[in-house]
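Student: Just a sequence and a predicted model for now, questions to come.
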Amino acid sequence: MSVRPGLSQVSVRSCQLIDISRGGASFTVHSTTGLPTHYYLTILGFSRKIGCAEIYRRDERISVAFIKPIDEALLRKIVRADFFTGGSTTTGGRANTKPGLGVRPSPDFV
């Protein structure tokens with residue numbers, strides 16, 4: 001979710017979370033057109049908005065550093081939620097991955 005200066009416009013995009021750690025995350029989006037370099041990351045099933053600063057962008061893949069590291073308890077809940085949902089669903093014979101799922105913890109996850 002990005003917010004334009006003066007709170008004039010809020011833009012929301014879906015993404016596929018690839019990995020996450022206390023200090024940042026990587027994900028893919030369908031289009032980066034018009035996407036600023038600072039925004040909020042929200043994860044389905046969690047109400048918290050995580051402030052992000054983009055550190056890498058190539059095609060549809062983006063890596064961000066969190067403005068403030070997330071606490072370990074939240075990180076564990078995110079990874080645990082993904083484990084229990086399996087990271088994907090099957091619809092009409094095709095496997096679909098839900099936004100925010102398919103998460104694997106980064107190496108610094110303890």
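Tutor: Nice, thanks for sending it over.
Student: Please report the distance of residue 30 from residue 37.
Tutor: Distance, residue 30 to residue 37, using Cβ to Cβ, to the nearest Å: 18 Å. C-beta coordinates here come from the backbone N, C-alpha and C atoms, glycine included.
Student: quick one, helices of this protein?
Tutor: Counting by DSSP state H, one finds helices in the chain at the ranges 72-85.
Student: how about low-confidence regions in it?
Tutor: For the chain, the stretches flagged by pLDDT under 70 are 1-9, 82-110.
Student: what's the single longest strand in it?
Tutor: Using DSSP state E, we find that the single longest strand of the chain is strand 50-58.
Student: Okay, angle between that strand and helix 72-85 too, please.
Tutor: Angle of strand 50-58 versus helix 72-85, following axes from the mean of the first three to the mean of the last three Cα atoms, to 10 degrees, is 60 degrees.
Student: contacting residues around residue 62?
Tutor: Contacts here follow Cβ atoms under 8 Å, 6 or more residues apart in numbering; on that basis residue 62 touches 15, 26, 27, 28, 29, 32, 35, 54, 56.
Student: Give me the neighbour count for the nearest residue to residue 70 once chain neighbours are set aside.
Tutor: Nearest non-adjacent residue to residue 70, counting by Cβ to Cβ, 6 or more residues apart in numbering: residue 22, 5.6 Å away. Look at residue 22: counted by other Cβ atoms under 10 Å, it has 17 neighbours.
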